[in-house]
Each structure stands twice: as C-alpha cells, then as structure tokens.
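[1] quick one, structure for this:
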Amino acid sequence: MNWIKTSEQMPSTSSPVLIIYRGQIQWGFFMLKGYDCAESYRWFAYGNQREWVPFRGVTHWIYAVDIPLPQPPEE
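    Prediction:
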C-alpha cells in the first residue's frame, strides 16, 4: 500500500479512494469527479453528491481496493 501524490498522478474518475486533505486522512471514501465544466474537479464523498472536499487541498490518495484488510473472523 503506497500513497500517491496528487502532483504525480490522479486517480481515474469515479473510483473510490482514501484521501489526505490538509495533512489528515479523511475517513470515508471519495471519488474525483468533474463538475460545472470539463476542467473543474472536486473530491466527492462516495455515494453523497452534497459532501465534497476542494480539489487543491488533497495531497495524496490511494485506491480503496489497494488498502489491505484483515482476515475475516473465524466462526
């Protein structure tokens, strides 16, 4: 698992990612989506079009599918 700098690469749009905004991990998944015009983007909370984070404040991201999960509990 490696964080990716936004200055080096951006995620594909509509893919859930975990982000670092203003030096803090933002709990919950976000998606990079365009709005208003083709060159304007925001980080929208996954499944919520009203909650978003400014595009420029995010410094790092990682795809949700790349985050390792613990083994499920044994029954």
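[2] closest to the centroid, which residue in this structure?
    V17 (3.2 Å; CA atoms, centre = their mean).
[3] tell me if I'm right that that one and Q26 touch.
    No. Counting by CB atoms under 8 Å, Q26 is not a contact partner of V17; they are 9.9 Å apart. C-beta: built from backbone N, CA, C; applies to glycine.
[4] alpha carbons of the strand ranked longest in the chain, as PDB, please.
    Scanning the chain for the strand with the most residues, using DSSP state E, yields strand 24-35. Output in PDB follows, covering the C-alpha atoms of strand 24-35 (Å, rounded to 0.1, in the frame of the first residue of the first chain):
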ATOM      1  CA  GLN A  24      -5.200  14.500   7.700                       C
ATOM      2  CA  ILE A  25      -6.600  11.200   6.400                       C
ATOM      3  CA  GLN A  26     -10.300  11.700   5.600                       C
ATOM      4  CA  TRP A  27     -12.200   8.700   6.800                       C
ATOM      5  CA  GLY A  28     -14.700   7.500   4.200                       C
ATOM      6  CA  PHE A  29     -14.100   7.100   0.600                       C
ATOM      7  CA  PHE A  30     -14.100   9.800  -2.000                       C
ATOM      8  CA  MET A  31     -14.300  10.000  -5.800                       C
ATOM      9  CA  LEU A  32     -12.700  12.500  -8.100                       C
ATOM     10  CA  LYS A  33     -15.500  13.900 -10.300                       C
ATOM     11  CA  GLY A  34     -15.800  16.700 -12.700                       C
ATOM     12  CA  TYR A  35     -18.400  19.400 -12.100                       C
END
